[in-house]
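Undergrad: Task: produce atomic coordinates for the following.
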Amino acid sequence: MSRLLGVDLGERRIGLAIADPDGSAMPLLTLRRGRTAVADADALQRLISDHGAVELIVGLPLEANGRAGPQVALTRAWVEAVEPLLVGVAISFRDERLSSHVAEGRVGPMKRGRSGGPPSASQRAVHRARVDREAAAIILQDELDARARAAG
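TA: The predicted model follows:
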């Protein structure tokens, strides 16, 4: 099986997951979005090379009713900007509805801050990054499962 990277694109972060040879998606890491598509493409290209990935599966944030809203347009624009900068990798889209919600359930609640108070900014950032990686794994696993069903 070819190596695939799952992508959960957010405004501030990019959650990433990788497919194991056995067909299981695992959270990989979370990148901070660059100021430009070139910065994002450079970071992705390093990961593509390091992991031997041949395809990115990008979550498409359709609305609950299945329609393409403003977030879909932003995601497609980002892909159009980074795709020509990436070498040796194809890009596909996968419906990502509810992936972040499911990821939050898997990750669990955010830990409390010191002495039981509210979480610190760094605790919130670590938690959000973990949720983003888990959402990327959910998107990727959905794609892997669909391909397995299609193959019979």
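Undergrad: Lowest average confidence across helices and strands of this protein, where is it?
TA: Least confident helix or strand, the chain: helix 99-107 with a mean of 71, by mean pLDDT, DSSP states H and E.
Undergrad: Check which helices and strands that helix is in contact with.
TA: In terms of contacts (3 or more CB pairs under 8 Å, 6 or more residues apart in numbering; DSSP states H and E), helix 99-107 is packed against helix 121-151. Using the backbone N, CA and C atoms, a C-beta is placed for each residue, glycine as well.
Undergrad: how far out from the middle of the chain is the helix it packs on?
TA: Computed by CA atoms, centre = their mean, to the nearest Å, the chain-centroid distance of helix 121-151 equals 6 Å.
Undergrad: Repeat that for stretch 40-48.
TA: How far stretch 40-48 lies from its chain's middle: 13 Å, per CA atoms, centre = their mean.
Undergrad: count of residues packed around the nearest residue to Ala90 once chain neighbours are set aside?
TA: Nearest residue to Ala90 in three dimensions, chain neighbours excluded: Glu55, at 4.6 Å (CB to CB, 6 or more residues apart in numbering). Residues lying near Glu55 (other CB atoms under 10 Å) number 18.
Undergrad: so Glu55 sits in a strand?
TA: Yes. Under DSSP: H, G, I helix; E, B strand; the rest coil, Glu55 sits within a strand.
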